[in-house]
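**Student:** compute the structure for the input listed below.
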Amino acid sequence: MNDHRKNVLIVEDDEDIAAAVSRGLRREGYMVSVATDLPTARAALEHGYDAAIVDAMLGQDRGEDLIREIRAAGMRLPIVMLSALSGVEDRARGLEAGADDYVAKPFEFAELVTRLRVQENRRGTNGDELTVDHDRRQVQRGVHTATLTQRELDLLDHLLVHAEQVLTRGEIFDALWLQEGGSAENVVDVYIGYLRRKLGPLDKFGIEIKTVRGRGFLLTRNG
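**Tutor:** I've put the predicted structure just below:
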C-alpha cells in the first residue's frame with residue numbers, strides 16, 4: 001500500500017455486509033467508516049473521503065440520490081455502487097447518477113476491492129481522467145475512445161490495479177488465463193500488443209505499458 005492510507009466510506013444498511021466489507025478493507029490497509037443511512041452518510045462526507053462504496057437501497061432511500069448529491073457538490077472521489085439488482089437498467093441508473101462502477105450482490109470481496117482499486121488508479125491528478133465503460137467495453141480519456149474485447153479489458157483492469165508495479169508474464173497469465181488450462185504465457189505478449197495498439201500513443205490515454213527486460217511489464221501514467 002502507499003504511505004497514505006486511503007479512507008473509504010461504506011454506505012450500507014445491512015450490518016453483516018458492512019461488517020464483512022469493513023474487515024476486508026482494513027486487512028487491505030484502508031481506513032474505514034460506515035454509515036447505515038443517508039443523513040449519517042451526508043454528515044460523514046463533510047470530513048472528506050478518498051472513496052465510497054454505496055448500496056443502491058438504504059431502507060426507503062436510494063443510494064443513487066446520495067451519489068447525485070456527491071457529484072453535484074463537486075466531489076470527485078471514486079464510487080462503487082452495490083446492489084441486489086443486476087439488470088441493465090439498474091446498472092444504468094447507478095452509473096448515470098455518477099457511480100464509477102457497479103457490483104451486483106452477492107459478490108466476492110476480491111472482486112469488490114479489485115474494482116475499487118481500478119477506480120482509484122483511474123483517477124488522475126492532472127488533465128482528463130481515464131474512464132472505462134464495462135458494459136460497452138470502451139476506454140475514454142478526453143475526446144479519445146477505444147473499444148476493447150473482453151479479454152483486453154480484463155488485462156487492462158489487471159494492469160491498472162497494479163499500476164507502477166512490474167508484473168511478470170507468469171503473474172499475468174495466472175491471474176487471467178490459468179483457470180482455462182494450458183501454459184502458453186506468450187498469449188500475454190499477444191494481448192499486451194493488442195492493448196498497446198489500441199491505447200497508444202501515450203498522450204491519448206495517459207498510460208503506457210512498458211516492457212521491463214528480463215522481468216515483465218509495467219503500466220505507467222503521464223498524468
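**Student:** so where do the strands sit in the protein?
**Tutor:** For the chain, the strands defined by DSSP state E occupy 7-11, 31-35, 51-55, 57-58, 61-62, 79-83, 101-104, 131-133, 138-141, 144-147, 166-167, 207-212, 216-221.
**Student:** now mean neighbour count and distance to E89 too, for these, in CSV please.
**Tutor:** The C-beta positions use only the backbone N, C-alpha and C, and glycine is treated the same way. Output for those, formatted as CSV (neighbours: other C-beta atoms under 10 Å; distance: least, C-beta to C-beta, whole Å):
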stretch, mean neighbour count, distance to E89
strand 7-11, 24, 22
strand 31-35, 18, 26
strand 51-55, 26, 18
strand 57-58, 18, 15
strand 61-62, 17, 14
strand 79-83, 24, 11
strand 101-104, 20, 12
strand 131-133, 16, 16
strand 138-141, 19, 19
strand 144-147, 15, 22
strand 166-167, 16, 37
strand 207-212, 16, 32
strand 216-221, 18, 33
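**Student:** contacting residues around the nearest residue to D65 once chain neighbours are set aside?
**Tutor:** Once flanking residues are discounted, D65 sits nearest to L38: 7.1 Å by C-beta to C-beta, 6 or more residues apart in numbering. Residues counted as contacts of L38 (C-beta atoms under 8 Å, 6 or more residues apart in numbering) are V11, L58, D61, D65, L66.
**Student:** hang on, the earlier thing: now tabulate the strands of the chain in TSV and tack on mean pLDDT and distance to H158.
**Tutor:** Shown next, in TSV, are those (pLDDT from 0 to 100; distance: least, C-beta to C-beta, whole Å):
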stretch	mean pLDDT	distance to H158
strand 7-11	94	21
strand 31-35	94	25
strand 51-55	95	19
strand 57-58	89	31
strand 61-62	90	32
strand 79-83	93	17
strand 101-104	90	15
strand 131-133	79	13
strand 138-141	83	14
strand 144-147	85	17
strand 166-167	93	8
strand 207-212	92	11
strand 216-221	90	9
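**Student:** from L159, how far out is the closest residue to K210 other than its chain neighbours?
**Tutor:** Once flanking residues are discounted, K210 sits nearest to L218: 4.6 Å by C-beta to C-beta, 6+ apart. Relative to L159, L218 is positioned 9 Å away (C-beta to C-beta, to the nearest Å).
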